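**Q** Would you be able to build a 3D model of this:
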Amino acid sequence: MGVALRKLTQWTAAGHGTGILEITPLNEAILKEIIVFVESFIYKHPQEAKFVFVEPLEWNTSLAPSAFESGYVVSETTVKSEEVDKNGQPLLFLSVP
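**A** Numbers count the residues shown, from 1 in each chain. Have a look, this model is predicted:
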């Protein structure tokens, strides 16, 4: 599915690295569909939604800590969600390399 989304979405030309997702009506529509899917997943698939990953998912991103607002503890180099799991670990942790 990732390959299909990568081909369907519109990206800027790559300069010194990879391109970035452009702000276009098509990309906004795709992102809205992804959000609707994710938000409705817990209701459509309650058993699967209870699954807890043993290891956290990790990936590279161009998001900066400044992109996060309420619900997160933000510093210059990290972002932590205020919401935590049963062990007190943040549900989201972003660190800048």
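
**Q** tally of neighbours for V79?
**A** When counting by other CB atoms under 10 Å, one arrives at 20 neighbours for V79. For every residue, glycine as well, the C-beta is placed using N, CA and C.

**Q** Can you list the low-confidence ranges for this structure?
**A** Residue ranges of the chain with pLDDT under 70: 1-10, 12-19.

**Q** care to break it down by domain?
**A** As given by automatic domain parsing, the domain ranges for the chain are 1-51, 56-97.

**Q** Quick check: nearest residue in space to P90, chain neighbours excluded?
**A** Spatial nearest neighbour of P90, chain neighbours left out: K80 (4.2 Å); criterion: CB to CB, 6 or more residues apart in numbering.

**Q** cool, and S95?
**A** For S95, ignoring the flanking residues on the chain, the nearest one in space by CB to CB, 6+ apart is T78 at 5.1 Å.

**Q** For that neighbour, what are phi and psi?
**A** With angles defined as degrees, to the nearest 10, T78 shows backbone torsions of phi -140, psi 160.

**Q** buried sites along the longest helix seen in the chain?
**A** For the chain, the longest helix by residue count, based on DSSP state H, is helix 25-44. Buried residues in helix 25-44, counted by 16 or more other CB atoms under 10 Å: I30.

**Q** immediately after it, which helix or strand?
**A** helix 46-49 (DSSP states H and E).

**Q** So which other helices or strands are in contact with that following helix?
**A** With contacts taken as 3 or more CB pairs under 8 Å, 6 or more residues apart in numbering; DSSP states H and E, helix 46-49 sits against helix 25-44.
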